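>>> Have a look; sequence and predicted model below, questions after that.
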Amino acid sequence: MKPNLPTAWAVFTTFRPGAEAEDAVASVSAQVDGVIVVDDGSGPVADAALDRLAASGVTVHRQHVNSGIAGALNTGIRLARESGAEVVITFDQDSLVPAGFVDALRTAYDAASADDVRVGVIVPEYFAAVRQARGAIATYGPAANVIQSGMLLPLDVVDRIGELRADYFIDLVDTEFELRLRREGYAVLAAAGLRLGHALGTQYRRELFGRAVRLPGIPPEITLSTPFRYFYRVRNRIVLNREYLWAAPVQILRDTLLDGIHFVNALGVARPRRALWRLYRAAINAAIRGRMGRMPDALQPVADSIIWDASVLEREHT
């Protein structure tokens, strides 16, 4: 085991997990000192899967209410610390971890530490088909727009800059943490050549008024989220921009442009369109008024009424 990282635990968050969560946990169990699964308020529907995980030796913590991914991860990190962890690697319930994954993260961490780099987090170079590294890298290199699944996080970093923003609930939680790390002088790094497999969401053809949209540097397909997520994506984008625009202007402006295009695309294919527009308005109002945390319950039926009227491309897994 690498001397710089004597005790490493994996932390998974689940919501209504099935067999994919069991496969994901099994794929990393032998690579770490322990595994903690925090179930984020799934209720009785998840009992069978969580019981099987607990029977396999995994520490399972069941939350009675849905607190959002940041809150669930924070709980898992605290439990890992209580178990003696000095570093955690965070995962989603559907991320399959290849053999040697944790050792590769450790190797990158050790190399960066030996170079006197103040390491904040290490992520794989590729998350599914998305490249997180920026520019050519050797053993390790800079990363941006990182995704929390597969992220190695030393717990002394959490001690210095604080936990994940639980009030974001979901969406842009990892981006906020990344920007906070950089603002505090930490490096956000990727391990060269390392890839984490992940099930991609349903992809749709990027269209506007029924015609395919092709713009330089923007893929012709769009991955649309579950409709309720757009409340969080819009609100948290505004809040994030307000806090980090001057700290990371290039990244904020680029990401805001891409998100803006995405929000317009989603509005174009939402049915009924007025329902998604209502979510957008509520999100903007919440950001202005500083209302964070969970989306108001009154908006859930609005989100549930939305369907996507777009051309579905083949669902991919990588």
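Yep, it's here.
>>> in the longest strand along the chain, what counts as buried?
Counting residues, the longest strand found in the chain (DSSP state E) is strand 187-198. Residues of strand 187-198 classed as buried by neighbour count (16 or more other CB atoms under 10 Å): 187-192, 194-198. In short, each C-beta sits where N, CA and C put it, glycine included.
>>> Using TSV, lay out these together with distance to residue 296 and pLDDT.
Converted to TSV, the buried residues of strand 187-198 look like this (distance: CB to CB, whole Å; pLDDT from 0 to 100):
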residue	distance to residue 296	pLDDT
187	38	98
188	33	98
189	38	98
190	37	98
191	40	98
192	44	97
194	40	97
195	39	96
196	34	95
197	36	84
198	30	76
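>>> so which pair among the residues you listed is furthest apart in space?
187 and 197 (25.3 Å; CB to CB).
>>> Point to the helix or strand of the chain where mean pLDDT is at its lowest.
Lowest on mean pLDDT, DSSP states H and E among the helices and strands of the chain sits strand 207-208, with a mean of 62.
>>> Tell me the one among the buried residues of strand 187-198 nearest to residue 64.
Lowest distance from residue 64 to those (CB to CB) belongs to residue 198, with 28.1 Å.
>>> so residue 263 touches residue 235, yeah?
No - judged on CB atoms under 8 Å, residue 263 makes no contact with residue 235 at a distance of 11.9 Å.
>>> of these two, who's got more company?
Neighbours per residue (other CB atoms under 10 Å) separate residue 263 from residue 235, with residue 235 holding more: 26 against 17.
>>> In contact with the more buried one, which residues are there?
283-284, 286-287, 292 (CB atoms under 8 Å, 6 or more residues apart in numbering).
>>> Quick check, pLDDT for the closest residue to residue 45 other than its chain neighbours.
In space, and not counting its chain neighbours, residue 45 is closest to residue 16: 5.7 Å by CB to CB, 6 or more residues apart in numbering. Looking at residue 16, its pLDDT is 93.
>>> if we take the buried residues of strand 187-198, which one ends up nearest to residue 43?
Taking those together and measuring to residue 43 by CB to CB, the closest member is residue 198, at 25.1 Å.
>>> Just give the nearest non-adjacent residue to that closest one, would you?
Here the residue nearest residue 198, using CB to CB, 6+ apart, is residue 128, at 4.3 Å.
>>> neighbours around the one you found, how many?
Quick note: residue 128 (other CB under 10 Å) scores 18 neighbours.
>>> returning to that earlier point: doesn't the residue nearest to residue 45 lie inside a helix?
No - counting by DSSP: H, G, I helix; E, B strand; the rest coil, residue 16 falls outside a helix, being coil.
>>> Does it touch residue 40 like I think?
No - look at residue 16 against residue 40 with CB under 8 Å: they stay out of range, at 9.2 Å.
>>> Phi and psi next, for residue 231.
Recorded main-chain torsions at residue 231 are phi -60, psi -50, according to degrees, to the nearest 10.
>>> Now do the contacts for it.
279, 282-283, 286, 295, 299, 303.
>>> cool, and residue 16?
42, 45-46.
>>> swap the cut-off to 10 Å and go again
Residue 16 is in contact with 39-43, 45-46, 49, 93, counting by CB atoms under 10 Å, 6 or more residues apart in numbering.
>>> how about these, which pair is most distant?
By the measure CB to CB, 43 and 93 form the most distant pair in the contacts of residue 16, at 15.4 Å.
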